[in-house]
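Peer 1: Any chance you could fold what I've pasted below:
(2 chains)
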Protein chains: 2
Amino acid sequence: MEALKERIRREGRVLPGNIIKVDGFLNHRVDMKFMHEMAKEFARYFEGRGVTAVMTVEASGIPIASACADEMGVPLIFAKKAKSDNIEGGLFRSEVFSYTYKKKVTLIVSSEWLNGDDCVLVIDDFLANGEAMRGLIDIIREAGAKLAGVGIAVEKGFQGGGDRLRTMGIDLYSLAIIERAEPGNIAFRE
Amino acid sequence: MEALKERIRREGRVLPGNIIKVDGFLNHRVDMKFMHEMAKEFARYFEGRGVTAVMTVEASGIPIASACADEMGVPLIFAKKAKSDNIEGGLFRSEVFSYTYKKKVTLIVSSEWLNGDDCVLVIDDFLANGEAMRGLIDIIREAGAKLAGVGIAVEKGFQGGGDRLRTMGIDLYSLAIIERAEPGNIAFRE
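Peer 2: Reported below is the predicted structural model:
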């Protein structure tokens, strides 16, 4: 999506450790009008797949996933990160490794809100190594639901998570795929 | 807002410890169409106050705050909960006590995205004792920004946080104020 690439070029900053900051419009101060433009593009791409719910994981994926659920007229489900070992019953869960926090995190979704009739579109702001995505897909399978596909705003192509999902046959649509990121020089996959 | 009270009566569940669960439409599986109805009501109430940004704290307030920012045509800023002691510079921060997690949490907002020209409307899904709200208001004051007011979907009136804000002269608009909550019997403030 050219408008997103342009905005990353103009406003993105590259920090040490392959961190790409676009927090001025995507995931700290959020331009909701732009989220809806991206959401419309996801709605167009995934039209006709019978999507019954949009799913993401807290916290930074929620604005774009909210816009997407709104555009598609389906509920938004966000997986929570369990904060304690004292997790109640009636939950689908998946343990993932968080590179951001350098520790294991358990993603949880109440079994009340996801079931075998659902066809889920997973939406997130960033995809790097794909650990959180693996957790969400685990949960969808555990629920017996169908995965319609995955929509990502910014994929860090050089970290390989996206290509691993494609190899698994998952329909992954990323609006911008970054191949190389150095200060002042961000290169996109064509 | 009658539609919200009706939905709480119909779908809400009261759990031990004064926990009111409305996670089927508000904060786990989210009805975005309904979020926009509530957002329109906030937009109507706070019209003409010169709001330049909507602010909330991650994670469960983000869907309703997203809808509100979208309806008002201003950016959404969400405060993050710092996960480590290693917090970088250039941040406004406030330490609050989280009753959910029974520990102190530091709320942070990058000083890049909030400044003295801003007039901020704070939006959240729930207000109980008001600790998180106190933290957000601290951050707005630290930035030298103006607080336009506070909009809450569900206020737990019996926990006192809302009335403390009103005593401070803050314009707090809650769409539903719960005065008593027992299983099968939820009473609202008139």
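Peer 1: what are the pairing partners of the helix or strand encompassing residue A:79, and which direction each?
Peer 2: Assessed by DSSP states H and E, residue A:79 sits inside strand A:76-81. Here strand A:76-81 is paired, per DSSP bridges, with strand A:53-57 (parallel), strand A:103-110 (antiparallel), strand B:29-30 (antiparallel).
Peer 1: Same list, those strands, but as a markdown table with distance to residue A:143 please.
Peer 2: Bear in mind the C-beta positions are built from the backbone N, C-alpha and C, glycine included. Shown next, in a markdown table, are those (distance: least, CB to CB, whole Å):
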| stretch | distance to residue A:143 |
| --- | --- |
| strand A:53-57 | 10 |
| strand A:103-110 | 8 |
| strand B:29-30 | 12 |
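Peer 1: Ranking those by mean neighbour count, which comes first?
Peer 2: strand A:53-57 (a mean of 27; mean count of other CB atoms under 10 Å in any protein chain shown).
Peer 1: is the helix or strand following that one anywhere near chain B?
Peer 2: Once strand A:53-57 ends, the next helix or strand along the chain (criterion: DSSP H and E) is helix A:62-72. Yes. Using CB under 8 Å from any CB of the partner chain, helix A:62-72 comes into contact with chain B via A:62-63, A:66-67, A:69-70.
Peer 1: In this model residue B:80 seems to touch residue A:29, though I could be wrong.
Peer 2: No. Taking CB atoms under 8 Å as the definition, residue A:29 is not a contact partner of residue B:80, at 11.5 Å.
Peer 1: what bridges to the residue lying closest to residue A:50 once chain neighbours are set aside?
Peer 2: Counting by CB to CB, 6 or more residues apart in numbering or on different chains, residue A:50 lies nearest to residue A:119, which is 4.8 Å off, once chain neighbours are set aside. For residue A:119, the beta-bridge partners are residue A:146 (DSSP bridges).
Peer 1: Surely residue A:119 touches residue A:51?
Peer 2: Yes. Counting by CB under 8 Å, residue A:119 does reach residue A:51; the two are 5.6 Å apart.
Peer 1: Please name whichever of the strands paired with strand A:76-81 is nearest to residue A:96.
Peer 2: strand A:103-110 (5.9 Å; CB to CB).
Peer 1: okay, the closest one in CSV with CA atoms only?
Peer 2: The C-alpha coordinates for strand A:103-110 follow below in CSV (Å, rounded to 0.1, in the frame of the first residue of the first chain):
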residue,chain,number,x,y,z
LYS,A,103,10.2,-13.7,28.5
LYS,A,104,7.4,-16.2,28.0
VAL,A,105,3.9,-14.7,27.8
THR,A,106,0.6,-16.7,27.8
LEU,A,107,-2.0,-15.4,25.3
ILE,A,108,-5.6,-16.1,26.4
VAL,A,109,-9.0,-15.9,24.8
SER,A,110,-12.2,-16.8,26.6
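Peer 1: Confirm that residue A:39 lies within a helix, as I assumed.
Peer 2: Yes. Under DSSP: H, G, I helix; E, B strand; the rest coil, residue A:39 sits within a helix.
Peer 1: What about residue A:151, how many residues nearby?
Peer 2: Neighbourhood size, residue A:151 [other CB atoms under 10 Å in any protein chain shown]: 27.
Peer 1: on that earlier part again, what number of neighbouring residues does the residue nearest to residue A:50 come out with?
Peer 2: With other CB under 10 Å as criterion, residue A:119 counts 17.
Peer 1: residue boundaries of the helices in chain A?
Peer 2: A:2-11, A:32-45, A:62-72, A:131-142, A:161-167 (DSSP state H).
Peer 1: quick check: angle from the second one to strand B:76-81?
Peer 2: Interaxial angle, helix A:32-45 versus strand B:76-81 (axes from the mean of the first three to the mean of the last three CA atoms, to 10 degrees): 90 degrees.
Peer 1: Could you list the low-confidence segments of chain A?
Peer 2: The model of chain A has pLDDT under 70 over residues A:83-88.
Peer 1: which parts of it sit against chain B?
Peer 2: Contact residues, chain A versus chain B (CB under 8 Å from any CB): A:23-24, A:28-33, A:35-36, A:53, A:58-60, A:62-63, A:66-67, A:69-70, A:73, A:75-78, A:80, A:83-84, A:100-101, A:109-110, A:112-114.
Peer 1: rerun at 6 Å
Peer 2: Contact residues (CB under 6 Å from any CB of the partner chain) of chain A with chain B: A:28-32, A:58-59, A:62-63, A:66, A:69-70, A:75-77, A:83, A:101, A:110, A:113.
Peer 1: Fine by me, thanks again.
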